[in-house]
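[1] sequence first, then the predicted structure:
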Amino acid sequence: MPERHDRLTSVWLGLGCVAFSLAFACAAPFAGLGASAALLMGLRPMVAAVVLGWAANQAVGFGFLNYPVDGHSLAWGLALGLSAIGAGLAAHAIRTVQPVALCAAAAVLAAFLAQQGTVFAASLILPSHPDAFAPEVIAGLFVTNLLGFA
């Protein structure tokens, strides 16, 4: 039964990532996805669900939103995949925090910090917009990830 639950959860999380990708283009809630998956699944199914969500986001981006197929876009896609996995791992590492409400809040925060930290590290190497880490942009991404987590 847990395997069936994990598969259904992965599908729902993947579909949620598709919906957010279509609605917000490049602002898929990878931290929210990672935190949700970490709290609902074991380690391996969580990583699989996060990778599925990332792959769905990339399929929407390159298949429907006309992301350019060049070295920078592909490198950013890989960086986002790594950031999504990092978000899930960060949330998974603290999933035993009690009470449950504190665990959920800590998981989302840890996932967001890990995900954005990975993206920031990638921005030191890959081209990015100068305002990508402006406070209002980060705040908007945090709200998007909270919605994705919910």
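    Yep, that arrived.

[2] quick one: terminal-to-terminal distance for stretch 20-29?
    Its start and end residues considered, stretch 20-29 measures 7 Å (C-alpha to C-alpha, to the nearest Å).

[3] residues contacting the most centrally placed residue in the chain?
    Geometric centre of the chain, nearest residue: Phe30, 1.0 Å, by C-alpha atoms, centre = their mean. Applying C-beta atoms under 8 Å, 6 or more residues apart in numbering to Phe30 gives the contacts 17, 50, 53-54, 57, 80, 83-84, 87, 115, 145. (C-beta placed from N, C-alpha, C; glycine too.)

[4] what sits against the residue nearest to Ala25 when sequence neighbours are not counted?
    Nearest-residue entry for Ala25: Leu65, 5.8 Å, with adjacent residues in sequence omitted and distances by C-beta to C-beta, 6 or more residues apart in numbering. If you count contacts by C-beta under 8 Å, 6+ apart, Leu65 has them with 21-22, 25.

[5] which one of these has the most neighbours?
    Sorting the contacts of Leu65 by how many neighbours each has (other C-beta atoms under 10 Å) puts Ser21 first, at 23 neighbours.

[6] so it makes contact with Gly63?
    No. Between Ser21 and Gly63 there is no contact under C-beta atoms under 8 Å: 10.3 Å.

[7] re earlier: distance check, the residue nearest to Ala25 against Gln115.
    Counting by C-beta to C-beta, to the nearest Å, the gap from Leu65 to Gln115 is 20 Å.

[8] could you do Leu74 as well?
    Taking C-beta to C-beta as the measure, Leu74 falls 19 Å from Gln115.

[9] lowest-scoring secondary structure element of this protein by mean pLDDT?
    Every helix and strand of the chain was ranked by mean pLDDT, DSSP states H and E. The lowest is helix 2-24, at a mean of 73.
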